[in-house]
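Asks: Pasting the sequence and the predicted coordinates here, then a few questions.
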Amino acid sequence: MDSKDDNRPMIQVQNVSKWFGSLKVLDEISFDVNEGEVVVMVGPSGSGKSTLLRCINFLEEFQEGNIYVDGKLVGYRDVHVDGTDVRRRQSEAEISRLRTTAGMVFQNYNLFPHRTALDNVMMGPLMFHSRSKSEIRDECMALLEKVGLADKASSFPSRLSGGQQQRIAIARSLAMHPKVILFDEVTSALDPELVEEVLRTIRDLSKEGMTMIIVTHEMQFARDVADRLLFFYQGKILEDGNPRDIFANPVTDRFKTFVRRFSQAHQPLTA
Ligand code: ADP
Ligand code: MG
């Protein structure tokens, strides 16, 4: 069913638990993301943020709970065997389709080094979309324009700054026409002076109504851009709400400690 039910959230995460061996890294996580909503996840290192994004894109399996993206069950289907429902992995084709619905942008942009910026953006649609090459090229050029890099179309990644490479990676994700984009610490590997240009690109997408989940350590950005903030701690969501409310009035001391430690650790050295 492809018709969009107006009331249905774009992403539904329902009681998801995941273990790595005996370590429970996601502990009954539940939340919804509505169409056009920007959800920002913060939390200490190791609290499960990346793992959750990877589960939404089914780069990781999970043992309990359900995730729906645009109404479709992620990764599994229930098969009726001898009177009981058994979870089976979806076909690789179904999983590939899911990954085009939910695009993901990583900390290390993973561009192909021997392809130009434009070729990097065109590769996905050339493989998955049945449109003419010139149509795809025009659209991908427009995407480079949108991230401010039309003049770098024929440059190879090694000739681009980290911020420019990351913006190419965002254009590459957009080229697949995703319904949601998952960003995992996309500015963490960048020199400080390059962070803003990438955040600006993400801000522009939010203004256009793109549905996004963003894991970041940029607290000011989180406050500005998030419709909703989730605070992860040891595989659980301890805070969930409007960022202004959470920063002004956190429910948990853990969040206060996190923000305090965090801002101390990020003091400029030459204060
Ligand atoms: P975050 O992104 O919030 O820093 P992660 O989701 O990367 O946290 O990690 C959550 C927990 O899962 C951590 O304890 C981490 O060590 C563990 N973990 C992550 N990936 C693996 C893996 N492939 N195998 C075993 N443990 C893992
Ligand atoms: Mg992480």
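Replies: It's in. Numbering: from 1, shown residues only. Ligands and ions are numbered 1, 2, ... in the order given.

Asks: Spatially nearest residue to Tyr68, not counting backbone neighbours?
Replies: Nearest residue to Tyr68, sequence neighbours excluded (Cβ to Cβ, 6 or more residues apart in numbering): Gln12, at 4.3 Å. From N, CA and C alone the C-beta is placed, and that goes for glycine too.

Asks: Which residue ranges of the protein form helices?
Replies: 49-56, 92-101, 117-128, 133-146, 162-174, 192-207, 219-225, 243-248, 253-265 (DSSP state H).

Asks: how near is the nearest residue to Ile95 once chain neighbours are set aside to Ala169?
Replies: Spatial nearest neighbour of Ile95, chain neighbours left out: Phe58 (5.4 Å); criterion: Cβ to Cβ, 6+ apart. To Ala169, Phe58 is 20 Å away according to Cβ to Cβ, to the nearest Å.

Asks: got it, and Ser155?
Replies: 14 Å.

Asks: So those two - more neighbours on which side?
Replies: The neighbour comparison of Ser155 against Ala169 (other Cβ atoms under 10 Å) goes to Ala169, with 25 against 16.

Asks: could you list every residue that touches Asp184?
Replies: By Cβ atoms under 8 Å, 6 or more residues apart in numbering, the contact list for Asp184 reads 49-50, 53, 104-107, 215.

Asks: Read off the pLDDT value for Ser130.
Replies: Ser130 is assigned a predicted lDDT (pLDDT) of 89.

Asks: how many other residues sit next to it?
Replies: 5.

Asks: Ok, Gln234 next?
Replies: Gln234 has 14 nearby residues by other Cβ under 10 Å.

Asks: Now do the nearest residue to it once chain neighbours are set aside against ligand 1, distance only.
Replies: Setting aside the residues directly before and after it, Gln234 is nearest to Ser47 in space (Cβ to Cβ, 6+ apart), at 6.1 Å. The spacing between Ser47 and ligand 1, counted by Cβ to the nearest ligand atom, to the nearest Å, is 4 Å.

Asks: List the contacts of the residue nearest the centre of the chain.
Replies: Among the residues of the chain, Leu182 comes closest to the average C-alpha position under Cα atoms, centre = their mean, at 1.0 Å. Leu182 makes contact with 53, 56-57, 102-105, 212-213, according to Cβ under 8 Å, 6+ apart.

Asks: hang on, the earlier thing: any figure for the gap between the residue nearest to Gln234 and Gln165?
Replies: Applying Cβ to Cβ to Ser47 and Gln165 gives a distance of 27 Å.

Asks: So which of the two has more stuff around it?
Replies: More crowded of Ser47 and Gln165, by other Cβ under 10 Å: Gln165, with 26 against 22.

Asks: correct me, but the more buried one touches Tyr109?
Replies: Yes: with contact defined as Cβ atoms under 8 Å, Gln165 counts as touching Tyr109 (4.6 Å).
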